[in-house]
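[1] Here is my input; please provide its structure:
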Amino acid sequence: MLVRNEVSWTAMMVGYLSFGDMAAAKSLFDEMPKRNTATWNPMIKGLVRSGDLNCARNLFDEMPVRNEVSFTTLIDGYAKGGDMAAARSLFDQLTHKDLFSWSALMSGYVQNGKPCEAVKAFSEMQDSNLKPDEFIMVNLMSACSQLGCSELAKWIDSYMKNGSFDLRRAHVAAALVDINAKCGNMDRASSLFEEMPERDLISYCSTIQGLCIHGFGSQAVHLFDTMINEGIRPDDVAFTVILSACTHAGLVDDGCRFFELMINSYSINPTPDHYACMVNLLGKSGKLESAYELIRSMPVESHAGAWGALLEACRVNCDVDLGEVVASRLFELEPHNAGNYVLLSNIYAEADRWSNVFNVRDKMSKSGVRKVPGCTYVESTMAA
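    Predicted coordinates:
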């Protein structure tokens, strides 16, 4: 090439970035005799995507001129890396905050389990007289779903209906179904679900999970079967949702059917969460030996959740012998979890084996395990 300028240099660098060749892209970036914002931003974005936030921040700090894209890219990177303090600090330095930067901040709070902060950010955005778009509203709906706040859900639903939003768009419709299902308005969730022009796996799972939460286990099972009959292929998450629904509703036969379907028809290897659901289901129905054999047959390393569910089932069914075996395994997996010791102690107490109760307490003391005092948390939704 006879003439090389910022455009040609940047095009080559972006080409390397698109193929994931960070070393070549960074080498080319360092060789550039002259750079502009359109050069710096893709390089920073590439470093963020590769997980090298330190290098991305160093480049950001070296930039002679930064724009909203520069800030938003790094804010998004910090958020995806779980560092919301750094994301917020950078956001506060941004002079002109647009919808993209607000969306990156809110999405970060939602992804990191901070729904209250996401709602607060939305309120701040409204105070700045910036009108939200559908992506901002989907982030707000995700935060509300985590909170399970029915009043906020009603406000969002009304705002969406009265605004200029296209409620038929897949991600918007799915978010509306999810927020109504998780915040207690199953009639509205079901109505929205039925009105969807196309139903995907996400919208089905949101509705099924809502039915499960509100005690409609049989309807959840029926809807899952309908989804399969419509040709939608469930993934491992979908099976976790339906197995949880069967567990909550005590639908043993359906739970076993879905577990076998997952393995035999969809070739999905059960995860520890799937096994934990099945152990919980079998344990709650009194099938303790079946639950124990299932754990022992696991080809993957069983986690404490499955063993803990079985220990609780042993307590409910007053099975001291199996309870001792299960507790012994839990002490290996979680040697400092006081809850396991307390559960075993309760099993002994209900069987009037008080000497064993004292032995468990003595073992806790010698192992340095302390029971965490209980407390009650009350959240007020009233204005001060």
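
[2] For the residue lying closest to residue 67 once chain neighbours are set aside, give me the pLDDT.
    Leaving aside its chain neighbours, residue 67 sits nearest to residue 37 (5.8 Å; criterion: Cβ to Cβ, 6 or more residues apart in numbering). Glycine gets a C-beta too; all of them are placed from N, C-alpha and C. Per-residue confidence at residue 37 stands at 85 (pLDDT).

[3] Quick one: neighbours of residue 37, just the number.
    Other residues within reach of residue 37, judged by other Cβ atoms under 10 Å, total 15.

[4] and if you look at residue 315?
    By the criterion of other Cβ under 10 Å, residue 315 has 21 neighbours.

[5] Okay, strands next: where are they in this protein?
    Across the chain, reading from the start of the chain, there are no strands by DSSP state E.

[6] Now do the contacts for the residue at minimal distance from the centre of it.
    Per Cα atoms, centre = their mean, the C-alpha nearest to the average position across the chain is that of residue 111, at 7.0 Å. By Cβ atoms under 8 Å, 6 or more residues apart in numbering, the contact set of residue 111 is 79-80.

[7] for residue 339, same thing?
    Residues counted as contacts of residue 339 (Cβ under 8 Å, 6+ apart) are residue 308.

[8] can you pull the pLDDT of it?
    Checking the pLDDT column for residue 339, the value is 91.

[9] Could you double-check that the residue nearest to residue 67 lies in contact with residue 71?
    No. With contacts defined as Cβ atoms under 8 Å, residue 37 does not count as touching residue 71, sitting 11.8 Å away.

[10] Just the CA atoms of stretch 180-195, as PDB, please.
    Output in PDB follows, covering the C-alpha atoms of stretch 180-195 (Å, rounded to 0.1, in the frame of the first residue of the first chain):
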ATOM      1  CA  ASN A 180     -45.300 -10.500  35.800                       C
ATOM      2  CA  ALA A 181     -44.700 -14.100  36.400                       C
ATOM      3  CA  LYS A 182     -42.100 -13.500  39.100                       C
ATOM      4  CA  CYS A 183     -43.900 -10.600  40.800                       C
ATOM      5  CA  GLY A 184     -47.200 -12.500  41.300                       C
ATOM      6  CA  ASN A 185     -49.400 -11.500  38.300                       C
ATOM      7  CA  MET A 186     -49.700 -14.900  36.600                       C
ATOM      8  CA  ASP A 187     -52.900 -13.900  34.800                       C
ATOM      9  CA  ARG A 188     -51.100 -11.000  33.100                       C
ATOM     10  CA  ALA A 189     -48.000 -13.100  32.400                       C
ATOM     11  CA  SER A 190     -50.200 -15.900  30.800                       C
ATOM     12  CA  SER A 191     -52.100 -13.300  28.700                       C
ATOM     13  CA  LEU A 192     -48.800 -11.800  27.500                       C
ATOM     14  CA  PHE A 193     -47.400 -15.200  26.800                       C
ATOM     15  CA  GLU A 194     -50.500 -16.200  24.700                       C
ATOM     16  CA  GLU A 195     -50.300 -12.900  22.800                       C
END
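
[11] And that stretch, what's buried?
    Buried positions in stretch 180-195, judged by neighbour count with 16 or more other Cβ atoms under 10 Å: 180-186, 188-190, 192-193.

[12] Tell me the one of these nearest residue 107?
    Sorting those by distance to residue 107 puts residue 182 at the head of the list, at 18.1 Å, by Cβ to Cβ.

[13] show me what contacts the closest one?
    For residue 182, the contacting residues are 145, 148, 206, 209-210, 213, by Cβ under 8 Å, 6+ apart.

[14] same thing but at 7 Å, please
    145, 148, 210, 213 (Cβ atoms under 7 Å, 6 or more residues apart in numbering).

[15] Can you give me the separation between the residue nearest to residue 67 and residue 76?
    Plainly put, residue 37 is 17 Å away from residue 76 if you go by Cβ to Cβ, to the nearest Å.

[16] that older thread, and which of the buried residues of stretch 180-195 is nearest residue 295?
    Residue 295 lies nearest to residue 182 out of the buried residues of stretch 180-195, by Cβ to Cβ, at 30.3 Å.

[17] With adjacent residues omitted, what lies nearest to the closest one?
    Of all residues beyond its chain neighbours, the one nearest residue 182 is residue 145 (4.5 Å), with distances taken as Cβ to Cβ, 6+ apart.

[18] so that neighbour touches residue 180, yeah?
    No. The pair residue 145 / residue 180 is not scored as a contact, 9.2 Å apart, by Cβ atoms under 7 Å.

[19] before we move on, the earlier item: need the contact list for the residue nearest to residue 182.
    Contacts for residue 145 (Cβ under 7 Å, 6+ apart) come out as 178-179, 182.

[20] Mind putting the residues you listed into TSV with distance to residue 16 and pLDDT?
    Output for the contacts of residue 145, formatted as TSV (distance: Cβ to Cβ, whole Å; pLDDT from 0 to 100):
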residue	distance to residue 16	pLDDT
178	39	92
179	42	93
182	43	89
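
[21] buried set for stretch 307-319?
    Residues 307-315, 317, 319 are the ones in stretch 307-319 that count as buried (16+ other Cβ under 10 Å).

[22] any idea how far residue 117 is from residue 233?
    Between residue 233 and residue 117 the distance, using Cβ to Cβ, works out to 36 Å.

[23] before we move on, back to that, confidence score at the residue nearest to residue 182?
    At residue 145, the predicted lDDT confidence score is 93.

[24] Likewise for residue 301?
    The predicted structure lists residue 301 with a pLDDT of 70.

[25] The nearest residue to it once chain neighbours are set aside: neighbour count?
    Once flanking residues are discounted, residue 301 sits nearest to residue 272: 7.4 Å by Cβ to Cβ, 6+ apart. Taking other Cβ under 10 Å as the criterion, the count of residues near residue 272 is 15.
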